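S.K.: only geometry, no sequence info:
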């Protein structure tokens, strides 16, 4: 993992660390301040359903159908499997491979086959004599449902960018850096020499056999995962890193509150549009 560029300090300096967060050291129990401005899971599924309505209607004009049983997709989780390296105690039993979410779609997109993908993504201008919308039916559904986020006044990547900034600042915080070094030394003492907390994910992904659909998690990987979690606890890394992340998110919310509220207003308009499209069928 390449180190992130060093960020200039915030005007107010490093934020205080919440001792309760440090003590509990459980990312699953701490709300992310930036998540309050992002779309929630139920609304994300409504937006997905509206996109399906518009996109499928477009595809039917060309006689094309989606794969059956497609499930409207929910919101992305701020708390990724590897946000602080390995942190989830579930990893004691599954290793570094993230469990497949319940209810996940089997395919990456709902239209398969050369004809359907060409029309959906707009890689052809016509299909069987009919004009394909610029950008395909995917573009048609995006314009219809997500158009409110296309305003020049709204950055659709705002939350993602600010979240990345908060985590980078927390990772570079002077109270966190020595604990990352301590984690590295703790792992090395147990026989695992990884350069950073993300390195084990790449290492073990290449040590589970060639069959990507039936990868085998070895006893060695499980031992490494358990050691990883123990080292994050014994060094105090997880609690300190989490508290720093939340502290920087709070500082960024204070700094960029106006932009965040504008973004949330645009999201609300998008959700309203989606619900209207759903009600119209």
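M.R.: Perfect, I can see it now. Just so it is clear, the structure is predicted and the values come from calculations on it, not from any experiment.

S.K.: can you list the low-confidence ranges for the stretch 151-281 of the chain?
M.R.: Applying pLDDT under 70 to the stretch 151-281 of the chain flags the ranges 151-153, 210-214.

S.K.: can you give me the helices for it?
M.R.: 158-172, 177-189, 199-205, 219-234, 237-255, 257-280 (DSSP state H, counting those that start in this stretch).

S.K.: residue 87 is nearest to which of the ones you listed?
M.R.: Nearest of the helices of the stretch 151-281 of the chain to residue 87, taken as C-beta to C-beta: helix 237-255 at 5.7 Å. For glycine as for every other residue, the C-beta is placed from the backbone atoms N, C-alpha and C.

S.K.: name the helices or strands packed onto the closest one?
M.R.: Contacts defined by 3 or more C-beta pairs under 8 Å, 6 or more residues apart in numbering; DSSP states H and E place helix 237-255 against helix 19-24, helix 158-172, helix 177-189.

S.K.: need those in TSV with mean neighbour count, can you?
M.R.: Below are these laid out as TSV (neighbours: other C-beta atoms under 10 Å):
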stretch	mean neighbour count
helix 19-24	14
helix 158-172	19
helix 177-189	16
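
S.K.: ok, now which ones touch residue 194?
M.R.: Listed by C-beta atoms under 8 Å, 6 or more residues apart in numbering, the contact partners of residue 194 are 184, 187, 200, 203.

S.K.: check contacts around the second one.
M.R.: In this case it means residue 187. Residues near residue 187 by C-beta under 8 Å, 6+ apart: 193-194, 227-228, 231.

S.K.: could you pull up the mean pLDDT of the host helix or strand of residue 57?
M.R.: In the assignment (DSSP states H and E), residue 57 maps to helix 41-60. The average pLDDT for helix 41-60 rounds to 96.

S.K.: report the buried residues of that helix.
M.R.: Buried positions in helix 41-60, judged by neighbour count with 16 or more other C-beta atoms under 10 Å: 43-56, 58-59.

S.K.: which one of the residues you listed is nearest residue 29?
M.R.: Nearest member of the buried residues of helix 41-60 to residue 29, counting by C-beta to C-beta, is residue 44, at 22.2 Å.

S.K.: and that closest one, what does it touch?
M.R.: Counting by C-beta under 8 Å, 6+ apart, residue 44 has contacts 73-75.

S.K.: just the buried residues out of the residues you listed, in ChimeraX syntax.
M.R.: Remark: buried members of those, expressed as a ChimeraX selection using 16+ other C-beta under 10 Å:
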select :73,74,75
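
S.K.: nearest to residue 253, of the contacts of residue 44?
M.R.: Of all the contacts of residue 44, residue 75 has the smallest distance to residue 253: 18.4 Å, by C-beta to C-beta.
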